[in-house]
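Asker: pasted the sequence and its predicted model underneath.
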Amino acid sequence: MSIAATFEIEYLQYLDADGKLVRDDLPAIARDVRQLVELYKWMLYVRVFDSKAVALQRTGKLGTYASCLGHEAAHVAIGSAMQEDDVFAPMYREYGAQFIRGVKPRELLLYWGGDERGSDFSGPAHDFAWCVPIATQCLHAAGAALAFKVRKEPRVAVTVVGDGGSSKGDFYGAINVAGAMQLPLVVVIVNNQWAISVPRSAQTGAKTLAQKGIAAGLECLQVDGNDLIAMRAAMDHAIKRARHGHGGMVIEAVTYRLSDHTTADDARRYRPDNEVKAAWQREPLKRMKAYLMSLNAWTGKEEEDWKADCAARVDVEVNAYLETKSQPVEAIFDFTYAQVPADLAVQRAAAIAADRHN
Amino acid sequence: MSIAATFEIEYLQYLDADGKLVRDDLPAIARDVRQLVELYKWMLYVRVFDSKAVALQRTGKLGTYASCLGHEAAHVAIGSAMQEDDVFAPMYREYGAQFIRGVKPRELLLYWGGDERGSDFSGPAHDFAWCVPIATQCLHAAGAALAFKVRKEPRVAVTVVGDGGSSKGDFYGAINVAGAMQLPLVVVIVNNQWAISVPRSAQTGAKTLAQKGIAAGLECLQVDGNDLIAMRAAMDHAIKRARHGHGGMVIEAVTYRLSDHTTADDARRYRPDNEVKAAWQREPLKRMKAYLMSLNAWTGKEEEDWKADCAARVDVEVNAYLETKSQPVEAIFDFTYAQVPADLAVQRAAAIAADRHN
Amino acid sequence: MPQITLIEAVTQALAYEMKHDPSVIVLGEDVGINGGVFRATQGLQKAFGSERVIDTPLDEATIAGLTVGLAAQGMKPVAEAQFEGFIYPMMEHIACHAARLRTRTRGRMSCPAVFRAPWGGGIRAPEHHSEANEHLFTNIPGLRVVLPSSPGRAYGLLLAAIRDPDPVIFFEPKRIYRQYKEEVADDGEALPLDVCFVLRDGGDVTLVTWGAQVKETLEAADALAEQGISAEVIDVATLTPLDFDTIHESVKKTGRCVIVHEAPRTAGFGAEIAARLAEKAIYDLVAPVERVTGYDTHIPLYRLEMKYLPSVERIVAAVQRTLAAS
Amino acid sequence: MPQITLIEAVTQALAYEMKHDPSVIVLGEDVGINGGVFRATQGLQKAFGSERVIDTPLDEATIAGLTVGLAAQGMKPVAEAQFEGFIYPMMEHIACHAARLRTRTRGRMSCPAVFRAPWGGGIRAPEHHSEANEHLFTNIPGLRVVLPSSPGRAYGLLLAAIRDPDPVIFFEPKRIYRQYKEEVADDGEALPLDVCFVLRDGGDVTLVTWGAQVKETLEAADALAEQGISAEVIDVATLTPLDFDTIHESVKKTGRCVIVHEAPRTAGFGAEIAARLAEKAIYDLVAPVERVTGYDTHIPLYRLEMKYLPSVERIVAAVQRTLAAS
Ligand SMILES: Cc1ncc(C[n+]2csc(CCOP(=O)(O)OP(=O)(O)O)c2C)c(N)n1
Ligand SMILES: Cc1ncc(C[n+]2csc(CCOP(=O)(O)OP(=O)(O)O)c2C)c(N)n1
Ligand SMILES: [Mg+2]
Ligand SMILES: [Mg+2]
């Protein structure tokens, strides 16, 4: 018997669910206590924001909102590993990554609040906006990576896709072209076990989602997505490789969606309570806090203070959002083309007149 | 370091380019001389037909035609390994498989000759017709396989896709759903090294195309697609597994497109002569003939007689094709819906009138 | 007989047909235990099993391709796109295969499939959840494009769609999914797919519409009645193949036509109806045809969407223009 | 100045713009060394390198998605679908992203991309190689849909399309790729994307068409001239956003309009033009509008395709009907 090729998928974890180190060969980030504290603070901030956003929706002040509860380690690792001039192409719940890149919570709220101006955000102007059509963002990131390659810029495109999204042709197209053209593209599959009500097992017969990268000839890695250190180490590695022309990579971040899919969903319809309860044991903040405390880098008091601080900051953002007046009716027309075509200008005028009339 | 999964891709070959056995653990088919001769005769028949079809196109008697030159072993293995009530979803050049399943050359010629009646062929009524939109046939085969599963029928769906086609989302969707739902689906990637002018290396960074099946959790195998014995053994294995409920499989048949892409193409524009010359050394008929002769199962005289026989048979088919009158103008309308809608009936009448008028 | 909403009528039709025809199966994202994000398939998996109510992987091309394959092999699949805005990856299979299998094979194969999708704006949903994109399909031969606008028509037309031997695009106006209830007998009676429905008789003007806009159009007819203007209201229901005769008969009587739809105006399906009038009813018309439609822009996010969708006021104003014109 | 064909004009425009704007790149299947299956990109890879003339993997969704990503990041990609019949997998990226990036981000991002595809029937090609499916895009806001019908217009309109800050669908009528040659100065002069072109003046009837049918329409005008009928011929060229004024001015003069296109009739773009006439020109028309189009069926395989495509005879007959009507 002759063997044409062999592959193995590594699983990366440094911190277990209790915040204990499970291996010694630690990456630099694991010892950079100051930075770890910063990242942990981001995770807390995101969590405070998230619960506030859900509350806004429940009280009728926000439209449908997709919570990021439980994904904080993966998102913060992604955002913090990237450079400003790298390009981020998110799906719709990577707030941790986006906040670090400069997107303001008020902008995020505007977006879910039904106002396009949220996507004209304060993050890098070259970052893509939230992307609803599943997995399409993967190809936009690949296109960005191709632009970097053509222009010989040492930049990297990073994109996120879900376990469900990794079933879609666009995901496959993106990793395939990244492999074929050696593009500086990092694709993070945030495997939170559910695509709305469809469990990971119904999406694919693959043992890991990381191994999908084999189809494209990419390096691939499965990571404990609740372990900030592992996630950050994986991202650092992937981004560095990509930036130095060694091509793309697929990272599977294994985590869990602790919330409903969105506020329009009720996950109790389809998943057992005890699964969620068990997942809470593995959630990312708890273990990071334990690790930092074990290093004497963080205290209960600091935690309380920072949470209060977060709440205050989030309130400022929420108020800014709530005070934002709607766009005028002509905003429906003014960004369809660079200039309003003559044919459309007639409709624009009619819409303004109809609006005044009512 | 912890390993989440490991994989290996086996390469299967029994006959080398000269028709010498390269391993001893032979499958039953390798010793079934009578059947091997039958299959070899099919390969020769297909080749005689193919060169005649190209000649018809060159003399203006046929539209664009896609030659199957060099693919005969793969196609004949596929067709002969299937049962009649299995479903075949071809791309557009698997004539060897189709002839074995009962499609008549005259029907094939009608199709390329611009007449829909060619697709109302004598092969199994449940077989799909030629499929031009690349890789879409993979999902139709998956749908057929799902029908079998739902109806608990012990049938298998077999589809063929090219090296180029294996870049398309539909291929990925098909293998993914086959893995997720354990469908009786066999996907054969006929890797003939070229997708029109685009070489295999530009399609993907994957080392083998077989490994794409790993993304879907399917068993996968790379086969010498010019070795009829290996191809047939692989197909027998895959079909048997699928029929017995063990799920789908991806087979990469490594071969070479010895012809232009179609008669509308001129491959000299983009590929070097010496590559083609080298590929002729590995072509499938030569080695099979050598093997059969080494078993004293075939002679030069039999070869000449059979070729003459093939030529005569093909002539009968060609004549039947050339004598087929065009459909009347109303044939444009009569199969758009099961019944011609009232709105369309008006157009139909007008078209008949306009046709009479000219 | 219980009163049901439009979406309950969808469920009722699916359940009826699944019960009476074992070849009917349902597939899509979240159609199983979750019963669809709008609950259109609620209870079906429990009733008919997970082999007939199938949660697919998240890939619309996969759903559409499976559907073609299933239909070609003797099943009657009812596929769901979770929202109309996610139907684009289905288009290759719909246009190149579902709509062509029969003509390609001279009738040897066919595609008796239904592609369902919630459709249209006005529910304060996120981006891509509010489109009216029926135009994608109305120029594709071999398809039927159907849009019910009441519980009764949803039930009867969906049964007809499933039973139809050819592929049907079945768009469900999600804004009126739960707008009101009406009695719908679960008697398995299908409605015809080749007629428009005259919802209200009138002599002064013909209002032609479909989908959720039937609501505003009927309200406009009420408002017009108060002004002494009698409007005939036609729900096209099956856009293609089109029953133009019903529209034409009405316009012969009224001499005026206002077409209402929420898709963008240019090359929306309203254009076809206006075009037929320009071809066949020019001597019947006493005033220019009017279209009251979405604008030639994408439907905005929800803060502005009601300013985009045709309103009762805009319809009434258009009617008044046609009356002033002659 | 050399005489060139329509397809050579495409190549000339691409080469001109690539030379003058380093952000312009070409991508698609077989566009590199092979120069495209019709040779539209012939010589470009040699001249500009394989990083600017890129053979992609065989996946149209990939091509379209890369194009959106490239355009959003400052490039001006010109993507090719090898035939119009293979554009379906591009639709999600075109409709949901290319056409929306600007409005989604309030102008922060945009998509200055061109999606080129050979278009239409009549070249005895296999299945799926002969469609006229411009209707897929004409109802999508944020796009421009352009169809040149002569070497000069192919050159000027393609330059304009590449320079346009918004996405353009550029369909090339493959039947007339090599129909005739004309002098086209390689001067980098673009043509406007917001006007229809009046190709022939006339007073009795307005013939409105686009793409390859310009050929039959002009021939019909010749035939009509012999009968003493003077036909004005308008090449719409840019379907959306539409310059209806030019058409309207003509119809004001002639009172009659025959629209010619090869796509299926129902909900083809001809419907929009007829609809505008029904809205705005009803008092100018002295006869019903006529459409001479492909039938509401798929274009048949090549043995019958010329019976499907509008012919000079069908156009002439339609004109005669409009003359008889008044
Ligand atoms: C093309 C497309 N199809 C369907 C949807 C509806 N939808 C939104 S989110 C979602 C599930 C996504 O699951 P996954 O990719 O795992 O990401 P997660 O939400 O779990 O983070 C679906 C089906 C969509 N947005 N786009
Ligand atoms: C969706 C789609 N895109 C493009 C084409 C045009 N096309 C026809 S064959 C072909 C190359 C196919 O190559 P491969 O899959 O390797 O199969 P081969 O022809 O080599 O057997 C292309 C690009 C098509 N038929 N369908
Ligand atoms: Mg998920
Ligand atoms: Mg190939």
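Answerer: Great, that's in hand. Since we're looking at a predicted model, the values are computed, not measured. Ligands and ions are numbered 1, 2, ... in the order given.
Asker: drop to CA atoms for contacts and neighbour counts, all remaining ones
Answerer: Fine.
Asker: residues contacting the residue positioned nearest the centre of chain C?
Answerer: Nearest to the geometric centre of chain C sits C:L147, at 1.4 Å (C-alpha atoms, centre = their mean). When contacts are counted by C-alpha atoms under 8 Å, 6 or more residues apart in numbering or on different chains, C:L147 touches C:170-173, C:210-211, C:237-239.
Asker: ok, 6 Å please
Answerer: The neighbours of C:L147, taking C-alpha atoms under 6 Å, 6 or more residues apart in numbering or on different chains as the test, are C:170-171, C:211, C:237.
Asker: just name the closest of those to ligand 4, please.
Answerer: Within these, the smallest distance to ligand 4 is 37.6 Å, found for C:F170 (C-alpha to the ion).
Asker: helix or strand for that closest one, which one?
Answerer: Under the criterion of DSSP states H and E, C:F170 resides in strand C:168-173.
Asker: helices and strands around whichever helix or strand comes after that strand, which ones?
Answerer: Per DSSP H and E, the first helix or strand lying C-terminal to strand C:168-173 is strand C:182-183. Applying 3 or more C-alpha pairs under 6 Å, 6 or more residues apart in numbering or on different chains; DSSP states H and E, we find strand C:182-183 packed against strand C:3-4.
Asker: so A:E153 lies in a helix, does it not?
Answerer: No - assessed with DSSP: H, G, I helix; E, B strand; the rest coil, A:E153 is coil; it does not lie in a helix.
Asker: still on that earlier bit, can the strand holding C:F170 be found next to chain B?
Answerer: No - Strand C:168-173 stays out of contact with chain B when judged by C-alpha under 6 Å from any C-alpha of the partner chain, the minimum separation being 11.1 Å.
Asker: quick one, strands of chain A?
Answerer: Using DSSP state E, the strands assigned to chain A run over residues A:2-12, A:87-89, A:157-162, A:185-191, A:194-195, A:198-199, A:219-224, A:249-254.
Asker: closest one to D:K46 among these?
Answerer: Nearest of the strands of chain A to D:K46, taken as C-alpha to C-alpha: strand A:185-191 at 27.3 Å.
Asker: what angle separates the closest one from strand A:219-224?
Answerer: On the basis of axes from the mean of the first three to the mean of the last three C-alpha atoms, to 10 degrees, strand A:185-191 is oriented at 30 degrees to strand A:219-224.
Asker: what about the strands in chain C?
Answerer: Going by DSSP E, chain C shows strands at C:3-4, C:24-28, C:53-55, C:76-80, C:114-119, C:144-146, C:168-173, C:182-183, C:197-200, C:205-209, C:231-235, C:238-240, C:257-264, C:290-294.
Asker: make TSV out of the contacts of C:L147 and add neighbour count and distance to A:M288.
Answerer: TSV is the format used below for the contacts of C:L147 (neighbours: other C-alpha atoms under 10 Å in any protein chain shown; distance: C-alpha to C-alpha, whole Å):
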residue	neighbour count	distance to A:M288
C:F170	28	50
C:F171	28	48
C:G211	26	52
C:A237	27	58
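Asker: burial check on C:A325, number of neighbours?
Answerer: When neighbours are counted by other C-alpha atoms under 10 Å in any protein chain shown, C:A325 registers 11.
Asker: quick check: the gap between it and ligand 3.
Answerer: Going from C:A325 to ligand 3 by C-alpha to the ion, to the nearest Å gives 57 Å.
Asker: cool, and C:P165?
Answerer: For C:P165, the distance to ligand 3 equals 37 Å [C-alpha to the ion].
Asker: ok, that residue - contacts?
Answerer: Contacts of C:P165 by C-alpha under 6 Å, 6+ apart are C:P112.
Asker: read off the pLDDT value for the residue in the stretch 251-358 of chain A that ligand 2 sits nearest to.
Answerer: Going by C-alpha to the nearest ligand atom, ligand 2 is nearest to A:I251 of the stretch 251-358 of chain A, at 28.5 Å. The score at A:I251 is 98. That number is its pLDDT.
Asker: verify the contact between it and A:V190 for me.
Answerer: No - applying C-alpha atoms under 6 Å as the test, A:I251 and A:V190 come out as separate, 8.3 Å apart.
Asker: burial measure for the closest residue to A:Y337 other than its chain neighbours, as a count.
Answerer: Closest residue to A:Y337 apart from its sequence neighbours, by C-alpha to C-alpha, 6 or more residues apart in numbering or on different chains: D:G142 at 5.7 Å. Using other C-alpha under 10 Å, D:G142 is surrounded by 31 other residues.
Asker: thinking D:G142 is in contact with A:D334, fair?
Answerer: No - using C-alpha under 6 Å as the test, D:G142 is too far from A:D334 to be in contact (10.7 Å).
Asker: picking that back up, who are the packing partners of the strand holding C:F170?
Answerer: Strand C:168-173 packs on strand C:114-119, strand C:144-146, going by 3+ C-alpha pairs under 6 Å, 6+ apart.
Asker: 10 Å instead?
Answerer: On a contact count with 3 or more C-alpha pairs under 10 Å, 6 or more residues apart in numbering or on different chains; DSSP states H and E, strand C:168-173 meets helix C:6-20, strand C:76-80, strand C:114-119, helix C:135-138, strand C:144-146, helix C:151-163, strand C:238-240.
Asker: buried set for the first one?
Answerer: This means helix C:6-20. Neighbour-count burial for helix C:6-20 flags C:6-18 (criterion: 16 or more other C-alpha atoms under 10 Å in any protein chain shown).
Asker: so which of the residues you listed reach ligand 2?
Answerer: Taking C-alpha under 6 Å from any ligand atom as the test, ligand 2 is in contact with none of these.
Asker: just name the closest of those residues to A:E84, please.
Answerer: Set against A:E84, the nearest of the buried residues of helix C:6-20 by C-alpha to C-alpha is C:I7 (47.2 Å).
Asker: which residue is the nearest non-sequential neighbour of the closest one?
Answerer: Distances taken as C-alpha to C-alpha, 6+ apart put C:Y177 closest to C:I7, at 5.0 Å, once the chain neighbours are dropped.
Asker: and that neighbour, how many neighbours?
Answerer: Applying other C-alpha under 10 Å, we find 23 residues neighbouring C:Y177.
Asker: ok, it to chain B distance?
Answerer: 30 Å (C-alpha to the nearest C-alpha, to the nearest Å).
Asker: ok, that residue - contacts?
Answerer: C:5-10, C:38, C:40, C:118, C:149-151, C:154, C:212 (C-alpha atoms under 10 Å, 6 or more residues apart in numbering or on different chains).
Asker: mind doing that once more with 8 Å?
Answerer: So C:Y177 contacts C:5-7 (C-alpha under 8 Å, 6+ apart).
Asker: before we move on, what about C:Y308?
Answerer: Here C:Y308 is in contact with A:332, C:294-295, C:299-300 (criterion: C-alpha under 8 Å, 6+ apart).
Asker: and the residue in the stretch 201-326 of chain C that ligand 2 sits nearest to, what pLDDT?
Answerer: Distances between the stretch 201-326 of chain C and ligand 2 by C-alpha to the nearest ligand atom are smallest at C:A267, namely 25.9 Å. Note on C:A267: pLDDT of 98.
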